[in-house]
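Enquirer: What follows is a predicted protein model with its sequence.
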Amino acid sequence: MKTYSKISNKNTIGLRLKIIELLMLLHLPIFFLLFFIRISNAYKEEFGILLSISFVFLTIMFFRARYFELDSSGEVISIRSYHPIFKNMERRAEFPKQKLQDYKVEKKPGGAVIKVYLKMLEKKNTSVKYSIQGLSKNNVQKLEKSLEKTKEEYKSYL
């Protein structure tokens with residue numbers, strides 16, 4: 001079984017962010033037309049409300065999008081999750097492969113989530129949870145295979 005050392009959603013999320021940015025930029029001329037050029041008063045208020053709601057929705061989608069990277073080369077598993085603009089707000093987990101106890105991939109309406117359970121000293125277990133939205137089904141399968149192989153390989157350490 002092949003082990004995948006690096007899995008990422010960079011291409012998918014990058015494209016998704018470009019589309020969201022384009023849609024947000026298209027809102028600006030429509031706002032301009034709405035407020036500075038005469039539009040029928042019958043629809044002006046409803047159109048403005050609809051435009052505002054869609055802009056807020058796009059803004060929320062923009063700020064929720066995060067890059068996800070899993071690197072399992074060597075003896076350490078490294079997981080990173082960050083926004084492409086606000087890289088200083090990064091969530092990172094690095095742990096030896098022996099500490100991997102289990103994992104669970106949950107498919108939710110907002111995107112998939114991976115929860116990794118770690119075996120720590122003195123029987124204190126912990127878990128880390130990351131959004132893996134934007135990973136293709138193929139990459140999710142690679143992620144599961146890689147973590148499953150690591151879990152089986154290091155089972156005797158637990």
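Expert: The structure has been received and is ready for your questions.
Enquirer: for the record, mean pLDDT for the lengthiest helix in the chain?
Expert: If you go by DSSP state H, the chain has its longest helix at helix 10-36. For helix 10-36, mean pLDDT is 82.
Enquirer: Check which helices and strands that helix is in contact with.
Expert: If you count contacts as 3 or more Cβ pairs under 8 Å, 6 or more residues apart in numbering; DSSP states H and E, helix 10-36 packs onto helix 41-64, strand 67-71. For the C-beta atoms, the positions are set from N, CA and C on the backbone; glycine is no exception.
Enquirer: of all those, which lies closest to Leu23?
Expert: Of all these, it is helix 41-64 that lies closest to Leu23, at 5.6 Å by Cβ to Cβ.
Enquirer: Report the buried residues of that closest one.
Expert: 55, 58, 61-62 (16 or more other Cβ atoms under 10 Å).
Enquirer: got it, and stretch 102-121?
Expert: For stretch 102-121, burial by neighbour count (16+ other Cβ under 10 Å) applies to 103, 111-112, 114, 116, 118-119.
Enquirer: Which of the helices and strands packed on helix 10-36 comes out lowest on mean pLDDT?
Expert: helix 41-64 (a mean of 80).
Enquirer: could you say what helices and strands that one packs with?
Expert: helix 10-36.
Enquirer: The helix it packs on to strand 67-71, inter-axis angle?
Expert: Counting by axes from the mean of the first three to the mean of the last three Cα atoms, to 10 degrees, helix 10-36 lies at 170 degrees to strand 67-71.
Enquirer: Helix 10-36 to helix 41-64, inter-axis angle?
Expert: 150 degrees.
Enquirer: roughly how far is helix 10-36 from the heart of the chain?
Expert: Its chain's C-alpha centre lies 20 Å from the corresponding centre of helix 10-36 when counted by Cα atoms, centre = their mean, to the nearest Å.
Enquirer: same deal with stretch 90-110?
Expert: The answer for stretch 90-110 is 13 Å, by Cα atoms, centre = their mean.
Enquirer: What are the contacting residues of that stretch?
Expert: Applying Cβ atoms under 8 Å, 6 or more residues apart in numbering, the contact partners of stretch 90-110 are 64, 72, 75-82, 112-120, 125, 128, 130-133, 140, 143-144, 147, 150-151, 153-154, 157-158.
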